[in-house]
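*Asks:* Okay, predicted coordinates and the sequence, questions at the end:
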Amino acid sequence: KAGVTQTPRYLIKTRGQQVTLSCSPISGHRSVSWYQQTPGQGLQFLFEYFSETQRNKGNFPGRFSGRQFSNSRSEMNVSTLELGDSALYLCASSFWREGNEQFFGPGTRLTVL
Amino acid sequence: GEDVEQSLFLSVREGDSSVINCTYTDSSSTYLYWYKQEPGAGLQLLTYIFSNMDMKQDQRLTVLLNKKDKHLSLRIADTQTGDSAIYFCAESLNNAGNMLTFGGGTRLMVKP
């Protein structure tokens, strides 16, 4: 069974631009969560989608948004990029049941210049 | 609020046991997780424990949970050089385990 895939793996943008990252979950997984990993703040929860609906959201500004498609693939978008948005963005997928296990993708490394 | 803390660094010799510790603050956490991250890679789920358990063993891994002290530990028996990585503990913010609060990670270095 294929794992979680994320594209692109690396991205360089400049301040003020916007970016879209993509995540394809493991087949059959309907929940997709996004996390930001930075050296200063560590791993932080961004948001979680299930059946095309955002069910949970972390403490991030409105510049960070996402969506989920009917095939469970998800995208996240960051508008008006800031230098501090440079990070590894990780996507994780899981079934929707108690105690389920989240499986993470390799991440997208975003560098904002 | 939720806060998960770990020591930054641990160094052991190959063949020894490693114990990585974690403390958390949210007493309502129902699931606690251990993840491993190797350089340039995403997170690999190692194991998780339900909050009504005290211990869980999975091959070389043993998880101990002290709910009274909000203390979680991961013991790796017969540590190998391939175990060198960063280890994260995480608590779930919901029963589904898809909203996690992570600790800062413990870098484990295994010396041959």
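*Replies:* Received it, and whenever you're ready, just let me know what you need.
*Asks:* Near chain A, which residues of chain B? Just list them.
*Replies:* When proximity is defined by Cβ under 8 Å from any Cβ of the partner chain, chain B lies next to chain A at B:30-31, B:35, B:41-45, B:48, B:50, B:88, B:90, B:93-105. Using the backbone N, CA and C atoms, a C-beta is placed for each residue, glycine as well.
*Asks:* Tell me the bridge partners for the spatially most central residue of chain A.
*Replies:* Geometric centre of chain A, nearest residue: A:W34, 3.3 Å, by Cα atoms, centre = their mean. Beta bridges link A:W34 to A:F47, A:C91, judged by DSSP bridges.
*Asks:* Equivalent analysis for B:T106, please.
*Replies:* B:Y87.
*Asks:* Drop anything exposed from the residues of chain B next to chain A.
*Replies:* B:30-31, B:35, B:42-43, B:45, B:48, B:88, B:90, B:93-94, B:96-105 (16 or more other Cβ atoms under 10 Å in any protein chain shown).
*Asks:* Tell me which of the residues of chain B next to chain A fall in strands.
*Replies:* Members of the residues of chain B next to chain A lying in strands (criterion: DSSP state E): B:Y31, B:Y35, B:L43, B:Q44, B:L45, B:Y48, B:F50, B:F88, B:A90, B:L100, B:T101, B:F102.
*Asks:* need the helices for chain A, in chain order.
*Replies:* Counting by DSSP state H, chain A has no helices at all.
*Asks:* The residue nearest to the centre of chain A and B:T47, how far apart?
*Replies:* Per Cβ to Cβ, to the nearest Å, A:W34 is found 23 Å from B:T47.
*Asks:* doesn't A:P8 make contact with A:V19?
*Replies:* No - using Cβ atoms under 8 Å, A:V19 is not in contact with A:P8, being 9.7 Å away.
*Asks:* Comparing these two, which shows the higher neighbour count?
*Replies:* Shown here are A:V19 and A:P8; by other Cβ atoms under 10 Å in any protein chain shown, A:V19 has more neighbours (18 against 12).
*Asks:* looking at the sheet around that one, what are its partners?
*Replies:* Applying DSSP bridges to A:V19 gives these bridge partners: A:V78.
*Asks:* From B:S28, how far off is it?
*Replies:* In terms of Cβ to Cβ, A:V19 sits 35 Å off from B:S28.
*Asks:* ditto for A:V4
*Replies:* Separation of A:V4 from B:S28 (Cβ to Cβ): 28 Å.
*Asks:* Neighbour count: those two, which is higher?
*Replies:* Using other Cβ under 10 Å as the criterion, A:V4 and B:S28 rank with A:V4 on top: 22 against 11.
*Asks:* For A:Q68, which non-adjacent residue is spatially closest?
*Replies:* Closest residue to A:Q68 apart from its sequence neighbours, by Cβ to Cβ, 6 or more residues apart in numbering or on different chains: A:Y49 at 3.7 Å.
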